[in-house]
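[1] Predicted model, plus sequence, below.
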Amino acid sequence: MHRRSAILAILALVAACATNPQSKTDRTAPRVPTTYCLDTLHASDSVSAVVKMSVTPVDSTAKLPPDFEELFVDEFRSQFKLPSQLPLSVVMGSPPCDSLGSRCASASLNVGVAAYATAHNDGKLSDIEVIDAALTPSLADGVASALRAMSRLQAVPLSGDVESIPLMIQIAREDDADSVPAVRRLFKAKVPRYELPFRYATMPAAGVNAKYPFTARLAGVGDSVMIAFTVDSDGTIVNGSLELVRATYRDFVSSVLDALGRTHYHPAYLGDCPVATRMTQRFFFKVPELP
């Protein structure tokens, strides 16, 4: 219930369009892995990756001032301290994969963080939220600390007539280093790769029972809700990992979150080992036909 309440508190700030993520993970209750099976596997090699940063408006119709992203990333780089140790446990499939993308011939560990903040014309950042997508609390804490420092320094003010713009900040690995402009690079990382068959987590046979909101039924509206989340090696959705990618009406989002809170997934597998993985799932709500 704490997870659902945290997300609903954010949704209460949104009038019509639900675009903000869940509040950050409670650091007072450290995550305890349910299995150490991954530690028994031997990586075949490692992938040299660049960890990059992108800054975009949450509202796709909004436009950032020229060079804002470059200035933002440059200032973030000056405030960010890379943790001395970065233990990874979230596994993502590597091509080739099947047509549905649910089974892959190999896999590697993932590193990345999603963050949200509202930029203001005085250089401050408000509503800072960090989502620990890859289950690396030290990295998530470092990102949050750097964003708070940027806000205190009022380092990157918006220019022009716009008073504020909600931002989506993605920190993710890119194996093709040449495709990442130098201004967007944060650090380099070597991530273990496993030549073992991998399959993503799957829903239980009963599915995720997200009920059609009564208010939406009365209004005759539908919606498509896209949620990203991390499924741990025991099939549970990790608290603090949910990210609301896309939606229109808050009632549908509430319904999906309610249903996810009651759902236990079949975990992902790397070979014979259950492992944590990152999922993105879309829920469709079609307007019911009148009798």
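    Here it is on my side, so go on.

[2] which SSE is residue 217 in?
    Using DSSP states H and E, the element containing residue 217 is helix 214-219.

[3] Show the residue spans covered by the helices in the stretch 51-200 of the chain.
    68-79, 137-153 (DSSP state H, counting those that start in this stretch).

[4] pLDDT averaged over the last one - what is it?
    In this case it means helix 137-153. Averaging pLDDT along helix 137-153 yields 97.

[5] Next: the shortest one.
    Summarised as a single mean, pLDDT over helix 68-79 is 96.

[6] can you pull up the bridge partners for residue 104?
    Beta-bridge partners for residue 104, by DSSP bridges, are residue 97, residue 198.

[7] so how far is residue 93 from it?
    3 Å (Cβ to Cβ, to the nearest Å). In short, each C-beta sits where N, CA and C put it, glycine included.

[8] Could you do residue 113 as well?
    20 Å.

[9] go on, residue 249?
    The gap separating residue 249 from residue 93 is 32 Å, by Cβ to Cβ.

[10] Now for the closest residue to residue 138 other than its chain neighbours: which residues touch it?
    Among residues not flanking residue 138 along the chain, residue 83 sits closest, at 3.9 Å (Cβ to Cβ, 6 or more residues apart in numbering). Counting by Cβ atoms under 8 Å, 6 or more residues apart in numbering, residue 83 touches 136, 138-139, 142.

[11] how about JSON lines for the residues you listed, with distance to residue 191 and neighbour count added?
    Shown next, in JSON lines, are the contacts of residue 83 (distance: Cβ to Cβ, whole Å; neighbours: other Cβ atoms under 10 Å):
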{"residue": "136", "distance to residue 191": "12", "neighbour count": "22"}
{"residue": "138", "distance to residue 191": "16", "neighbour count": "15"}
{"residue": "139", "distance to residue 191": "13", "neighbour count": "24"}
{"residue": "142", "distance to residue 191": "18", "neighbour count": "19"}
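
[12] could these be laid out in a markdown table, adding distance to residue 128?
    Formatted as a markdown table, the contacts of residue 83 follow (distance: Cβ to Cβ, whole Å):
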| residue | distance to residue 128 |
| --- | --- |
| 136 | 18 |
| 138 | 17 |
| 139 | 15 |
| 142 | 13 |
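
[13] Among these, which one sits closest to residue 204?
    Nearest to residue 204, judged by Cβ to Cβ, of the contacts of residue 83 is residue 136 at 27.8 Å.

[14] The closest one contacts residue 86, correct?
    Yes - at 5.9 Å, residue 136 and residue 86 qualify as touching, with contact defined as Cβ atoms under 8 Å.

[15] Give the residues shared as contacts by those two.
    residue 111.

[16] any chance you could map the strands in the chain?
    45-57, 91-97, 103-109, 112-120, 125-131, 164-174, 185-194, 198-199, 223-231, 243-246, 268-270, 273-275, 277-285 (DSSP state E).
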